[in-house]
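Participant: Give me the fold of what follows.
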Amino acid sequence: MSLLRCQINARPGWKFGALGTCFVGHDARSKAVMDGRTRDLSKIRHDIDENVLSQIQRRQQNFSTRVSRSKRQPKWLYPLPAERQYSRALVAYIDLLSSKVTQIVVPHLQEILSRRNAEVPEPMRSDDYADDITTLSTLVRLSLTILL
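Facilitator: Model (predicted):
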């Protein structure tokens, strides 16, 4: 198809092909060319298989269902939950340890000190009762391993 001259009310103009619309004025030629391009594009669209068009329409309709919005990020709190759990567990363990020391070691301290004062004179005092303290610390460790 090509550009053809035409007239509307004795005014000269342009149209694209025999079936095209006649345009008049200073931009008549560019309008006629655009009209021809749109007619060519509409022919191409009719040539596309209807099955393909229906697939495209289905994909466009399903696009909104396929797109998922990401969840909102939670606010950052100090301390972080893992740190908070760690600090709670640490405090609980320290409380347990101090209670075991109070239950096992403290009742025997007075006995150990009185024995040391009786056996060792004042100028020769040394720390020879490490074995007693070691056995008490072993008792504390054993009681903690049984509980944990």
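
Participant: for the residue sitting furthest away from the middle of the chain, phi and psi?
Facilitator: What lies farthest from the middle of the chain is A10; by CA atoms, centre = their mean that is 71.1 Å. The phi/psi pair for A10 (degrees, to the nearest 10) reads phi 70, psi 20.

Participant: which residues touch it?
Facilitator: Not one residue lies near A10 by CB atoms under 8 Å, 6 or more residues apart in numbering. In short, each C-beta sits where N, CA and C put it, glycine included.

Participant: who's in contact with whichever helix or strand R59 is part of?
Facilitator: Assigned by DSSP states H and E, R59 belongs to helix 50-66. By CB under 8 Å, 6+ apart, no surrounding residue is in contact with helix 50-66.

Participant: now that helix, how far from the centre of its chain.
Facilitator: Chain-centre distance of helix 50-66: 30 Å, with CA atoms, centre = their mean, to the nearest Å.

Participant: After that helix, which helix or strand is next?
Facilitator: Remark: after helix 50-66, the chain's next helix or strand is helix 81-104, criterion DSSP H and E.

Participant: the domain parsing of the chain - what is it?
Facilitator: When the chain is parsed with automatic domain parsing, its domains come out as 3-63, 81-147.

Participant: want to throw those into JSON lines with distance to K75 and mean pLDDT?
Facilitator: As requested, the domains of the chain are arranged in JSON lines below (distance: least, CB to CB, whole Å; pLDDT from 0 to 100):
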{"stretch": "domain 3-63", "distance to K75": "32", "mean pLDDT": "81"}
{"stretch": "domain 81-147", "distance to K75": "12", "mean pLDDT": "77"}
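
Participant: These into a markdown table, with extra columns for distance to R69?
Facilitator: A markdown table is the format used below for the domains of the chain (distance: least, CB to CB, whole Å):
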| stretch | distance to R69 |
| --- | --- |
| domain 3-63 | 14 |
| domain 81-147 | 24 |
